[in-house]
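Trainee: okay, sequence plus prediction incoming.
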Amino acid sequence: MYRTILLLPSLLFALFSLAQKGTVAGTINAPEAGKVQPMPFVNVLLKGTTTGATTDLDGRYSFDAEPGTYILLVSFVGYEPVEKEVVVTSGTRTMVDVQLLAAGVDIKEFEVISIKDREQEGILLMERKEASSLVQNLGAQELKKKGASDVAEGVQKIVGLSTVGGRYVVVRGLGDRYNAAYLNGLPLPSPDPDMKVAPLDIFPTDIVSNIQVTKSFSPELYGDFSGGAVDIQTKKASGENILRVSLGGGMNSQSTFRSMNSYRGGANDFWGREDGTRTLPSVLTRQPGSFVGERSPLATNLNPTSATAMPDLQFGIYGGTRIKLLEKVSLDLVGTANYRNENRYRDGLVRIINSSNTPLVDYTMKSWQFNTQSSALGTAVLNLGDHHSIGYTALWVNMSSDEHRVNEGDHFDYNDRILARRFTYRQNGLFTQQVFGRHGFGTKDRLLLEWSGSRSTTTSAEPDRRQLVYLIDRTDGTTRFNAIDRLENHRWSSALEEQETAARVGVSYRLVQREGTDGPEAALTLRTGAQIKRKDRSFGYDIVTYDLQNVNGANPAGVDVNTPDSYLNNESFQQGDFSITNVTGPESDHWISQDINAAHVSAEVDVLPNKLKVLGGLRVEDGEQRIIYRKQSDSFYQAKRIAQLNSTELLPFGSIRYDVSKNDVLRASASRTISRPGFREMGPFEYTEFFAGTKNIGNPDLQNGTNLNADLRYERFGTGGELLAFGAFGKLLDNTIEKVALATASGQLQSFRNTGSAVVAGVEMEFIRNLGKLMGRDSTVWNDLNVGLNMSLIHSELTIDNSPSTTDAADIVLTNERRALQGASPYLVNLDITYARNIGTDRKATATLAYNVFGPRVFAAGANGLGDQFELPVNTLNLILRADLSSRWQVNLNLRNLLDAEFRIEQETPAGKSLINTYRIGRSISAGVSYRIF
């Protein structure tokens, strides 16, 4: 099957090679300020046809045409049109350069208002070139070209960025605590109770206009970041009428058309919506103690099921329009809705070892998953003339994961073999509404007022996790329920809801202006603004356990692991074969709030016109964080405890931009930021990440950490979107917050400490180049090839202060007091090669081969003589093919994880390295087609 599909690229491009066309290319220039400058966005057309192109940022154009003699028409507002005869020859590249001359009208009498398409690579690269701070953008066009299906996959294409588990972003070796996420410039809450930054895989690229990553602090950003701030910009209307539908499917080498284990769920599982089937009965929730009744309140839905996995499915619709209301008043509307699902299977091993490298737990793991993702976006923007606009955006995202997981193997506590089966359904959701406005006053918006506000709700639910554990006799294979540890056989239900309100206002004013070649230019710009954020989170769970001792006694010949419902039903409940108990403790509920008020001011000075620019500013941020909870040892009737952290922070920043030449830019910046404790990290109540797993307890004495950041970057912007950039960065993290292992009488316990300090430093490189120029070859094939490469080398070292805690007086028992930061890779590499060929104005073919690898990174800190756990490098190779068959039809083919690399985690021990976790995800192939109705 895969061999056949791999032939499709050749067939796809063969379709475009049947007609031997010629190529017309060249550069459009115009005199400006005494110099000849390249002209972007100029229309170049073969007169009497629809064949042509628009010049890029460097004035370059290129398109294919049928052989023949034509008149080339070049036109741009304010300039005299130019017509030239051109002869197109089959298989030949014809160069036509044109210099435009200004028309008789004085163009300075007019103010040209342009709307930037911030999905295009060229526009975003131009914005990066003109930016004063260190920003990087990835537009929708590039996301599609590189095959990213969600934002998490997209950010991995940016230099210095990686993800953990394919969900959580790591920037320059700094994990969740040191990063921030925004949606259209407003803070984005997370549906994950343990994470500050939302898992980025919940945002499909279908709703994204561009992703902006800011690596240097500036005062308009919230101060709790040091790595990077990821701002997801959603799609906006382009002003044209458009309605497009899409449909696609996919296969995975480990799951499609194979037997997939599952269980009986709800009627709406296909759509990723829980219909109430899994809801625990009210007689069991929030009511600790044994259940007494004639019938079991729990449904008999513990039997595993099996079915053939169907191919993946995805479909969507996108529409936009502009409605003209008055002469200069219009309403832009855009809407999109998307759905996708997938079946996935993986198997591997899970081990826990001791310092002698002897396995304490040695399981084989099998996991079957059905995942869905749905989203809907709507935006309305009212344009009130050229300088004023107000708008509204609503975004809904729903993500579900339905897993059947089996672990089987040896556990040091038992003489028998263990078989554990767990059914887990998770549903995460986000609904956010935003209002925003932009108002410009004076020529070129000398005074600019921008404001926005949002109301967001995130939810995370695990309505009925079902787990049963069996013991398998090593002698005769007899299977019975594990009735020794009652917590192992349980039903678990949890729910999280977070409400967040945020608002901001910002004003900029060009206090001092000078006359430039294209009107007034800023010599001194002042900016000021204010922000507020109010966040409230509630979280609670229930644990209902089975006592199965009598079931084993009633079935001396053993039980069948595939039919537990035959033993756990109303009849056996009435006979007293098993009992049900809610063992939920008082620590099961907590409420958290965070209030932040901030104001900022900054100035941007053009010290040397078009040469040297200096920025400086200050942010004042007042924060209050509160958690209301009970400890495990408290009574349900005891008054709730409160842990609170208040602080007022002064966060200065400064940066310099020096234009070495027209295309060479040097930037430097320095800043002070903070790191706030996570919500769960402050609450001194015990919780367990998974049963038989490590216990965790929060620390109410945590304080904010402080970060000193410095960046230096040199960039050379070439023609046609080419780029060469080198950067260096350094960070001093003080009073760092880390998860540490504590020595207690009850065994290993993990908590959080302000551990000491850390140093992070590294270098980065970016390279985007046309292969025709790189190889010194001028041919159609070479000129249609582009290569992109970015690399990062990162050093991080955390120093842990091994002193007793003021709250639990327990010693830290981590093996290494100095280690790399968790999630920090010593190197990151992204490489892609793209072949893009235009065939006329309506047809285009693109092929991208994308490679990614990260270096070994700390997965978890070792304790009690065991070394740290490292996630080993994973090499990823994807091939993405796209073809515009006409102005209406587009097809794509994506081949992912071609190398099918193994995910591996090793642990260091005195006896050597040991493999403790492995799995593969398989190769995936997806194909899709989209049709533009109008």
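Mentor: Nice, thanks for sending it over.
Trainee: for the helix or strand harbouring A710, which helices and strands make contact with it?
Mentor: Applying DSSP states H and E as the criterion places A710 in strand 705-717. Helices and strands touching strand 705-717, by 3 or more C-beta pairs under 8 Å, 6 or more residues apart in numbering; DSSP states H and E, are helix 121-130, strand 664-675, strand 723-744. In short, each C-beta sits where N, CA and C put it, glycine included.
Trainee: save those as CSV, and put in distance to G867 and mean pLDDT too.
Mentor: Shown next, in CSV, are the helices and strands packed on strand 705-717 (distance: least, C-beta to C-beta, whole Å; pLDDT from 0 to 100):
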stretch, distance to G867, mean pLDDT
helix 121-130, 41, 75
strand 664-675, 26, 95
strand 723-744, 13, 87
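Trainee: adding distance to L774, write these out as JSON lines.
Mentor: Formatted as JSON lines, these follow (distance: least, C-beta to C-beta, whole Å):
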{"stretch": "helix 121-130", "distance to L774": "18"}
{"stretch": "strand 664-675", "distance to L774": "19"}
{"stretch": "strand 723-744", "distance to L774": "11"}
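Trainee: which one of these lies nearest to G912?
Mentor: Closest to G912 of those is strand 723-744 (C-beta to C-beta; 21.6 Å).
Trainee: tilt between that closest one and strand 705-717?
Mentor: 160 degrees (axes from the mean of the first three to the mean of the last three C-alpha atoms, to 10 degrees).
Trainee: find the nearest non-adjacent residue to T719, please.
Mentor: D58 (3.9 Å; C-beta to C-beta, 6 or more residues apart in numbering).
Trainee: that neighbour touches N663, doesn't it?
Mentor: No: using C-beta atoms under 8 Å, D58 is not in contact with N663; the gap is 9.3 Å.
Trainee: what do the two both touch?
Mentor: Common contacts of D58 and N663 (C-beta atoms under 8 Å, 6 or more residues apart in numbering): G718.
Trainee: give the contact list for T459.
Mentor: P191, Q427, N428, G429, L430, A495, L496, E497, E498.
Trainee: swap the cut-off to 10 Å and go again
Mentor: By C-beta atoms under 10 Å, 6 or more residues apart in numbering, T459 lies in contact with P191, N398, Q427, N428, G429, L430, F431, A495, L496, E497, E498.
Trainee: of the residues you listed, buried ones?
Mentor: P191, N398, Q427, N428, G429, L430, L496, E497, E498 (16 or more other C-beta atoms under 10 Å).
Trainee: tell me the bridge partners for the second one.
Mentor: The bridge-partner assignment for N398, based on DSSP bridges, gives S374, G429.
Trainee: for K613, see how far away it is.
Mentor: 44 Å (C-beta to C-beta, to the nearest Å).
Trainee: helices along this protein, start to end?
Mentor: Along the chain, counting by DSSP state H, helices occupy 2-6, 8-17, 121-130, 140-145, 151-155, 549-554, 570-574, 679-682, 771-774, 780-783.
Trainee: so which elements touch the fifth one?
Mentor: If you count contacts as 3 or more C-beta pairs under 10 Å, 6 or more residues apart in numbering; DSSP states H and E, helix 151-155 packs onto strand 135-139, helix 140-145, strand 161-164, strand 168-171, strand 208-214, strand 228-234.
Trainee: for V197, find the nearest of those.
Mentor: When these are compared by C-beta to C-beta, strand 168-171 sits nearest V197, at 6.2 Å.
Trainee: what's that closest one packed up against?
Mentor: Short answer (3+ C-beta pairs under 10 Å, 6+ apart): strand 168-171 packs on helix 151-155, strand 161-164, strand 179-183, strand 208-214, strand 228-234.
Trainee: switch those over to CSV; also include distance to Q575, mean pLDDT and mean neighbour count.
Mentor: Shown next, in CSV, are the helices and strands packed on strand 168-171 (distance: least, C-beta to C-beta, whole Å; pLDDT from 0 to 100; neighbours: other C-beta atoms under 10 Å):
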stretch, distance to Q575, mean pLDDT, mean neighbour count
helix 151-155, 50, 84, 24
strand 161-164, 49, 82, 22
strand 179-183, 54, 92, 23
strand 208-214, 58, 90, 23
strand 228-234, 56, 91, 23
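Trainee: mind giving me a markdown table with those and columns for distance to V77?
Mentor: Below are those laid out as a markdown table (distance: least, C-beta to C-beta, whole Å):
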| stretch | distance to V77 |
| --- | --- |
| helix 151-155 | 35 |
| strand 161-164 | 39 |
| strand 179-183 | 35 |
| strand 208-214 | 26 |
| strand 228-234 | 28 |
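Trainee: so which of those gets nearest I656?
Mentor: Per C-beta to C-beta, nearest to I656 of the helices and strands packed on strand 168-171: strand 208-214, 16.8 Å.
Trainee: tilt between the closest one and strand 179-183?
Mentor: Using the same axes, to 10 degrees, strand 208-214 lies at 150 degrees relative to strand 179-183.
Trainee: between strand 208-214 and strand 228-234, how big is the angle?
Mentor: Using the same axes, to 10 degrees: strand 208-214 against strand 228-234 is 160 degrees.
Trainee: pLDDT (mean, whole number) over the strand holding A710?
Mentor: Strand 705-717 carries an average pLDDT of 94.
Trainee: which of the helices and strands packed on strand 168-171 sits closest to R322?
Mentor: It's strand 208-214; of these, that one is closest to R322 (C-beta to C-beta) at 16.4 Å.
Trainee: neighbouring strands - and their directions - for that closest one?
Mentor: strand 135-139 (antiparallel), strand 228-234 (antiparallel).
Trainee: in a markdown table, list those strands along with distance to V213.
Mentor: Putting the strands paired with strand 208-214 into a markdown table (distance: least, C-beta to C-beta, whole Å) gives the following:
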| stretch | distance to V213 |
| --- | --- |
| strand 135-139 | 5 |
| strand 228-234 | 5 |
